[in-house]
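Enquirer: sharing a model prediction with you, sequence too.
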Number of protein chains: 2
Amino acid sequence: MSSSKATPPHPAADVTEHVGYRLKRAHSALRGALDAALREHGMSVPQYSCLEVLALRPGLSNAELARATFVTRQSMNLVLRGLQEAGLATRPDVVDHGRARPVRLTDAGERRLRSAQESVYAVEARMVAGVPAGRLAALLEDLDAIVDALDG
Amino acid sequence: MSSSKATPPHPAADVTEHVGYRLKRAHSALRGALDAALREHGMSVPQYSCLEVLALRPGLSNAELARATFVTRQSMNLVLRGLQEAGLATRPDVVDHGRARPVRLTDAGERRLRSAQESVYAVEARMVAGVPAGRLAALLEDLDAIVDALDG
DNA sequence: GATCGAATGTCAGGTTGTTGACATAGACGA
DNA sequence: TCGTCTATGTCAACAACCTGACATTCGATC
């Protein structure tokens, strides 16, 4: 035997038993399913995420949207330009007070979001159906606990 | 109220309560922690993943490595070139039988992997410590169930 | 009022990762 | 033997996302 001698964080035959690996795999599967579901609506996952957050909290700035969707300001800026070009979101060119420009969905943006939500929620439903009924709440809790443990 | 009228897959005040959102957030936190941990070793997450799989299953081809790490053949090919340039992995230029070229770690590659594993396993340990002791096995199961439900 | 710090928007460059396309190698059935 | 099918490696173009850097704006402090 030649490698894998550093002590693993919990008993496991190999890396594929680790939480990180499983998390990555689940995320990859979700991402793939969402990509496929959104393709019919001519939308990408980042764009959809942005629209969804924007519907929930209208008037958020670029930087705030970036934090809400776990990407950098620079990445979100690109997404927003795409959404603006597509006429799905608007940002005022100038603001009277600060530097942040509040982003809002257009009517077209809301319509596109609603139609995409049907497909996305279908994916979510498939995903939820996979986990035993009584364990969903615990799963959500544990995912949060992981976040807290990692960057809290 | 103007949007978010498509029926969600399970009772939730908003998208931030959905499994998909939590999964994305947890993955993002993990990715960030791993990036930071691996930076000290001058290695990226994809490179580390490749090395780890390679240690476990020497001789895998580019396409097989890609599937094991959930990326495309094209992406893995780039990673492998980087590893080869760095002298961490080797691929024969020609093979007698098929088309697939088996990839193997060099001694330097194994050393680099082992040193990186210490940092990565520390991150994994932090993550595992966050979830209640008795629930780790269930968490792993549920993540697998999600994968099965999504692409099975 | 002047200064410092924090947050924001944005530019530049690079890495990672994707889809699409193509040629090649082997397996299998007609 | 000849297609056909599948898997592989690779090229090209593009999208997503990152780090690093810079100027602008506001609020807090002196």
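Expert: Looks like it came in fine. Predicted model only: the values in this text are computed from it and were never measured.
Enquirer: who in chain A is up against DNA strand C?
Expert: Residues of chain A found near DNA strand C (CB under 7 Å from any atom of the strand) are A:35, A:61-64, A:73-74, A:77, A:98-101. Just so you know, the C-beta spots here come from the backbone N, C-alpha and C atoms, and that holds for glycine as well.
Enquirer: mind running it again at 10 Å?
Expert: Taking CB under 10 Å from any atom of the strand as the contact definition, chain A meets DNA strand C at A:24, A:28, A:31-32, A:35-36, A:39, A:60-67, A:72-78, A:80-81, A:91, A:93, A:95, A:98-103.
Enquirer: list buried residues within those.
Expert: Buried members of the residues of chain A next to DNA strand C, scored by 16 or more other CB atoms under 10 Å in any protein chain shown, are A:24, A:28, A:31, A:60-62, A:64-66, A:76, A:80, A:91, A:103.
Enquirer: enumerate every residue touching residue A:140.
Expert: B:17, B:19, B:22 (CB atoms under 8 Å, 6 or more residues apart in numbering or on different chains).
Enquirer: what's the spacing between the nearest residue to the first one once chain neighbours are set aside and DNA strand C?
Expert: Of all residues beyond its chain neighbours, the one nearest residue B:17 is residue A:140 (7.5 Å), with distances taken as CB to CB, 6 or more residues apart in numbering or on different chains. Shown here: residue A:140 relative to DNA strand C, a distance of 26 Å by CB to the nearest atom of the strand, to the nearest Å.
Enquirer: can you pull the pLDDT of residue A:2?
Expert: Per-residue pLDDT puts residue A:2 at 45.
Enquirer: and what of residue A:94?
Expert: Residue A:94 is assigned 88 on the pLDDT scale.
Enquirer: hang on, the earlier thing: just the contacts of residue A:140 now: which is nearest residue B:148?
Expert: Nearest to residue B:148 among the contacts of residue A:140, counting by CB to CB, is residue B:19 at 14.4 Å.
Enquirer: pull the distance from the strand or helix carrying residue A:27 to the chain's centre.
Expert: Using DSSP states H and E, residue A:27 falls within helix A:19-39. Helix A:19-39 sits 11 Å away from the centroid of its parent chain (CA atoms, centre = their mean, to the nearest Å).
Enquirer: CA atoms of the helix or strand just after it as PDB?
Expert: The first helix or strand that comes after helix A:19-39 along the chain, using DSSP H and E, is helix A:45-56. Output in PDB follows, covering the C-alpha atoms of helix A:45-56 (Å, rounded to 0.1, in the frame of the first residue of the first chain):
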ATOM      1  CA  VAL A  45     -29.000  27.900 -12.800                       C
ATOM      2  CA  PRO A  46     -27.300  31.200 -11.700                       C
ATOM      3  CA  GLN A  47     -29.900  33.200 -13.500                       C
ATOM      4  CA  TYR A  48     -32.800  31.200 -11.900                       C
ATOM      5  CA  SER A  49     -31.200  31.600  -8.400                       C
ATOM      6  CA  CYS A  50     -31.000  35.300  -8.900                       C
ATOM      7  CA  LEU A  51     -34.600  35.600 -10.000                       C
ATOM      8  CA  GLU A  52     -35.800  33.500  -7.100                       C
ATOM      9  CA  VAL A  53     -34.000  35.600  -4.500                       C
ATOM     10  CA  LEU A  54     -35.100  38.800  -6.200                       C
ATOM     11  CA  ALA A  55     -38.700  37.700  -6.000                       C
ATOM     12  CA  LEU A  56     -38.400  37.100  -2.400                       C
END
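Enquirer: please enumerate residues in contact with helix A:45-56?
Expert: So helix A:45-56 is contacted by A:31, A:34-35, A:38, A:43, A:60, A:65, A:68-69, A:71, A:75-76, A:79-80, A:82-83, A:88-89, A:103-105, A:109-110, A:112-113, A:116-117, A:120, B:2-4, B:14-16, B:24 (CB under 8 Å, 6+ apart).
Enquirer: buried subset of the contacts of residue A:140 as a ChimeraX selection?
Expert: Here is the ChimeraX command that selects the buried residues among the contacts of residue A:140 (16+ other CB under 10 Å):
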select /B:19,22
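Enquirer: check which helices and strands the longest helix anywhere in chain A is in contact with.
Expert: If you go by DSSP state H, chain A has its longest helix at helix A:107-130. Counting contacts by 3 or more CB pairs under 8 Å, 6 or more residues apart in numbering or on different chains; DSSP states H and E, helix A:107-130 packs against helix A:19-39, helix A:45-56, helix B:19-39, helix B:136-151.
Enquirer: much appreciated, bye for now.
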